[in-house]
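> Pasted the sequence and its predicted model underneath.
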Amino acid sequence: MHRFFVSVPLSVGQPVTLVGDQAHQVRRVLRMRPPEHVLLLDGHSGVFEAELVAVKNTGVTFQVVRRQEATGEPATHITLYQAVLKGERFGWALQKGVEVGISAFVPLVCERNIVNDTAAIEGKRPRWEQIIREAAEQCGRSRLPVLQPAQLFKQAVKSPPPVAVTTEGIVPEARGRPASGPLRLIPWEGERQMHLRAALVACNVASAPGIQIFVGPEGGFTAEEIALARHYGIQTVTLGPRILRAETAGVIAAALILYEMGDL
Ligand code: SAH
């Protein structure tokens, strides 16, 4: 059944009218006719079966028939802090990230970002939100992944509050996260020792309320950025001996984490 995320409240027995792109999709692309059924999603795990009752030039109207069980959401909540990339690459990372099961995205501005104009980045938000919504509809997510406001790397690493560190990085008992905070990992091609799986075990991932992954731009993180991340308790990890492109690294890291968590 085709799926559509809608921004209005849904309740059984009520009509809902879709306009714009979604109406075009129903009317022209899918060529749906009454009484075909679709799934309407409210973005917060509400999944409703609905029947098409009217197709007009101004919009298409559905009648909500019943509530369904929400599926398609991983139990592990991953936030990808991804450096903004040039061209279509950031959109690609969003689309694949949604498919694999990432819950939230934060566009990052790092020192070596080619794209670093925050106004231009915010200008891309409507397009990026559309990519996320379409990917979520296509792959069967029942929550709409969130696109948070863009952040400077040096701000993003600061929250949550710092944990104690040694000169190598993290004190053994802190390892990547404060006691009750999310597990925070920074894939870095300069890390030789700490593999992703080892980091998940060492950081007791099962008890973390979520996982944050920080991925750098085309030119990678600077040494100062890695030092700052470590200072704030973020664990550097390797994703293996080959250098992945920036848009690949976050998607791969998320897939490996969800696999390890039994969530794929
Ligand atoms: N400038 C680097 C590559 C940057 S790749 C170079 O050319 O050598 C972009 C981002 O992907 C990096 O900042 C890192 O976060 C991630 N990444 C790519 N390959 C990785 C690997 N093998 N291990 C860990 N992180 C990796």
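Received, thanks. Quick caveat: nothing in here was measured; it's all calculated off a predicted structure.

> Just the closest residue of the stretch 1-150 of the chain to the ligand, please.
Nearest residue of the stretch 1-150 of the chain to the ligand (CB to the nearest ligand atom) works out as residue 83 at 7.1 Å. Glycine gets a C-beta too; all of them are placed from N, C-alpha and C.

> show me what contacts the residue of the stretch 101-250 of the chain found nearest the ligand?
Nearest residue of the stretch 101-250 of the chain to the ligand: residue 216, at 2.3 Å (CB to the nearest ligand atom). Applying CB atoms under 8 Å, 6 or more residues apart in numbering, we find residue 216 in contact with 83, 110, 112, 188, 225, 246, 249.

> Buried only: go through the residues you listed for me.
Among the contacts of residue 216, those buried by neighbour count (16 or more other CB atoms under 10 Å) are 83, 110, 188, 225, 246, 249.

> quick one: the last one from residue 104, how far?
Distance, residue 249 to residue 104, by CB to CB, to the nearest Å: 17 Å.

> List the beta-bridge partners for the residue lying closest to residue 65 once chain neighbours are set aside.
Distances taken as CB to CB, 6 or more residues apart in numbering place residue 49 nearest to residue 65, at 4.9 Å, with adjacent residues excluded. Beta-bridge partners for residue 49, by DSSP bridges, are residue 39, residue 66.

> circling back to that earlier point, just the ones of the contacts of residue 216 in helices?
225, 246, 249 (DSSP state H).

> In TSV: the residues you listed, plus distance to residue 55 and pLDDT.
Below are these laid out as TSV (distance: CB to CB, whole Å; pLDDT from 0 to 100):
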residue	distance to residue 55	pLDDT
225	52	98
246	43	97
249	44	98
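
> near the ligand, which residues of the stretch 101-250 of the chain?
Applying CB under 6 Å from any ligand atom, one finds that the stretch 101-250 of the chain approaches the ligand through 187-189, 215-216, 219-221, 238-240, 242-244, 246, 249.

> If we use 8 Å, what do you get?
112, 186-189, 191, 214-221, 237-246, 248-250 (CB under 8 Å from any ligand atom).

> Go ahead and build a ChimeraX selection from the buried members of these.
Remark: buried members of these, expressed as a ChimeraX selection using 16+ other CB under 10 Å:
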select :186,187,188,189,191,214,215,216,217,220,221,237,238,239,244,246,248,249,250
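
> Among the residues of the stretch 101-250 of the chain next to the ligand, which lie within strands?
Those of those mapping onto strands are 186, 187, 214, 215, 237, per DSSP state E.

> Please identify which pair of these lies farthest apart.
Using CB to CB, the pair of those lying farthest apart is 215 and 237, separated by 11.0 Å.

> Overlap of the contact sets of those two?
Common neighbours of residue 215 and residue 237 (CB under 8 Å, 6+ apart) are 187, 253.

> List the contacts of stretch 50-62.
Outside stretch 50-62, the residues touching it (CB under 8 Å, 6+ apart) are 15-19, 22-23, 26-27, 32-40, 63-65.

> Now do the strands in this protein.
3-5, 15-18, 37-41, 47-56, 59-68, 78-83, 104-109, 146-147, 151-152, 165-166, 169-170, 183-187, 211-215, 235-237.

> Mind exporting the C-alpha coordinates of the second one to CSV?
This file holds the C-alpha atoms of strand 15-18, laid out as CSV (Å, rounded to 0.1, in the frame of the first residue of the first chain):
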residue,chain,number,x,y,z
PRO,A,15,-11.6,13.0,6.1
VAL,A,16,-8.1,14.3,5.1
THR,A,17,-7.3,16.2,2.0
LEU,A,18,-3.8,16.1,0.4
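
> Where does pLDDT dip in the stretch 101-250 of the chain?
160-179 (pLDDT under 70).

> ok now do residue 142, which residues does it touch?
41, 45, 47, 70, 71, 72, 73.

> Same question for residue 229.
Applying CB under 8 Å, 6+ apart to residue 229 gives the contacts 157, 186, 214, 221, 236.
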